[in-house]
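[1] sequence and predicted structure, then a few things I'm wondering about:
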Protein chains: 2
Amino acid sequence: MARHSDNTRESIIDAAEQVVIEAGASNLTFEAVASKAGISRGGLLHHFPDKASLLKAMLDRFKKHIDESRTKMKMRNETSTGPEREAVVYVKTCLAEDIGKYKYVTAAILASGAHSPELLDTARSRYRQTLVDLTRDGLSFERAAVITLATQGLRLMEVLSVSPFNDGERRKIVKELLSLAELIQ
Amino acid sequence: MARHSDNTRESIIDAAEQVVIEAGASNLTFEAVASKAGISRGGLLHHFPDKASLLKAMLDRFKKHIDESRTKMKMRNETSTGPEREAVVYVKTCLAEDIGKYKYVTAAILASGAHSPELLDTARSRYRQTLVDLTRDGLSFERAAVITLATQGLRLMEVLSVSPFNDGERRKIVKELLSLAELIQ
DNA sequence: GTCTATATCAAGATAGAC
DNA sequence: GTCTATCTTGATATAGAC
């Protein structure tokens, strides 16, 4: 169903993610992306006429991935017996160990946040919606806020490469957040 | 006791903070800082030969401010009756409402993190030390981690302008974190 | 210690050929 | 839809006069 141009678009986004992973968010340039994608700058600019449009495409694909992960996780859990809270799904999808490359996408968005602040507006409203979902699911505002803040805190620290935690400590933290999510206070 | 050159240095750092506050981290350029400080680029470069040295000076002054705030707060609390935990001091100093301009210093450091990754090493080790201090003070690792992660999460979201909380909600959150800090689990 | 002038470089973006 | 070539801008950094 995908037209050829869609494939090119996707492969450009793949290349952009690769650049950020390998060279860092500050090296996400048209030159680097075009080179990685095997096309010229001119060809790249036909698909993404400016940098904001490329960043937006990267962010959109990231959001799509997260939303699909949540949908899948909720569907799996509808057949299980235990209560599966919104907060559990939230923590699990945000801190999934296979989130890999998307970590760097976030870094790229943040690094250019000053140039394209409208991209951050989306993040803010999605976060607000998360709080609504969690409190509607039975958590107090304070509990929901602490869980989501700690989750985003760990995610941001990892994105910014300032997390001091090793794998074992990280697992302990995720476990603690999940137990906070499962207990109705 | 301060030589004249020290005063110039300080006034340049003042100017750099002002630039970030007024124009954003991505506009922290030599041109803008020199202009704000009322000197030429050449004069500025005599004191800070490259951008990393300016960023380091900004970060050092921020760390000094935080350390002094904590020392003062601990001294005040030595005469009070209630237990004053490390974690309480940590939350209060990190989320103090008068942290004002230093919020933007953090944004500047993060925005140029890719250019000067060694600045982030300092942040990571300071964070690690905080965890040691908190657990030595009686908190479990999990509790200490959740408190510091939520604290840094809120701080980072505010620095990156993606926090969705209003003042009242923020106060509720700080209160919740302080109560988590005061209870030994 | 501060200045002007300039070198250097890389980025985003445009124009037009194929 | 992809290419080459070029424009413009803005940033770091250097050199040397005052």
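    That came in fine, so what should we check first?

[2] what lies in contact with the strand or helix carrying residue A:32?
    Element membership for residue A:32, per DSSP states H and E: helix A:30-37. Residues from elsewhere that reach helix A:30-37 (C-beta atoms under 8 Å, 6 or more residues apart in numbering or on different chains): A:11-12, A:14-16, A:18-19, A:23, A:40-41, A:43-45, A:51, A:54. Yep, even glycine has a C-beta here, placed from its N, CA and C like the rest.

[3] ok, now stretch A:62-71?
    A:89-90, A:93-94, A:96, A:102, A:105-106, A:122, A:126.

[4] which of those residues are buried, as a PyMOL select command?
    In PyMOL syntax, the buried subset of those is picked out as below (16 or more other C-beta atoms under 10 Å in any protein chain shown):
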select buried, chain A and resi 89+90+93+94+102+105+106
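
[5] sort out which one of the contacts of stretch A:62-71 lies nearest DNA strand D for me.
    Closest approach to DNA strand D among those (C-beta to the nearest atom of the strand): residue A:105, at 22.1 Å.

[6] which strand or helix spans that closest one?
    Per DSSP H and E: helix A:100-111 holds residue A:105.

[7] list the buried residues in that helix.
    Judged by neighbour count using 16+ other C-beta under 10 Å, the buried positions of helix A:100-111 are A:102, A:104-111.

[8] out of these, who's near DNA strand D?
    Among the buried residues of helix A:100-111, none lies close to DNA strand D by the criterion of C-beta under 7 Å from any atom of the strand.

[9] report the two of these separated the most.
    A:102 and A:111 (14.7 Å; C-beta to C-beta).

[10] what is the one helix or strand in chain A whose mean pLDDT sits lowest packed up against?
    Within chain A, no helix or strand scores below helix A:100-111, which has a mean of 83 by mean pLDDT, DSSP states H and E. In terms of contacts (3 or more C-beta pairs under 8 Å, 6 or more residues apart in numbering or on different chains; DSSP states H and E), helix A:100-111 is packed against helix A:4-23, helix A:51-78, helix A:117-136, helix A:141-159.

[11] pull out the buried positions in the first one.
    By neighbour count on 16+ other C-beta under 10 Å, the buried set for helix A:4-23 is A:8-9, A:12-13, A:15-21.

[12] find me the pLDDT at whichever residue of chain A sits closest to DNA strand C, would you?
    Using C-beta to the nearest atom of the strand, the single residue of chain A nearest to DNA strand C is residue A:50, 3.2 Å away. pLDDT recorded at residue A:50 is 94.

[13] contacting residues for it?
    Contacts of residue A:50 (C-beta under 8 Å, 6+ apart): none.

[14] check residue A:152 too.
    A:94, A:127, B:153, B:156-157.

[15] any idea which of these is closest to DNA strand D?
    For these, the nearest to DNA strand D is residue B:156 (23.2 Å; C-beta to the nearest atom of the strand).

[16] not counting its neighbours along the chain, what's nearest that closest one?
    residue A:156 (4.7 Å; C-beta to C-beta, 6 or more residues apart in numbering or on different chains).

[17] what sits against whichever residue of chain A sits closest to chain B?
    Closest residue of chain A to chain B, C-beta to the nearest C-beta: residue A:153 (2.7 Å). By C-beta under 8 Å, 6+ apart, the residues touching residue A:153 are B:148-154, B:156.

[18] contact residues of chain A facing DNA strand C?
    Checking chain A against DNA strand C by C-beta under 7 Å from any atom of the strand, the hits are A:27-32, A:41-42, A:45, A:49-52.
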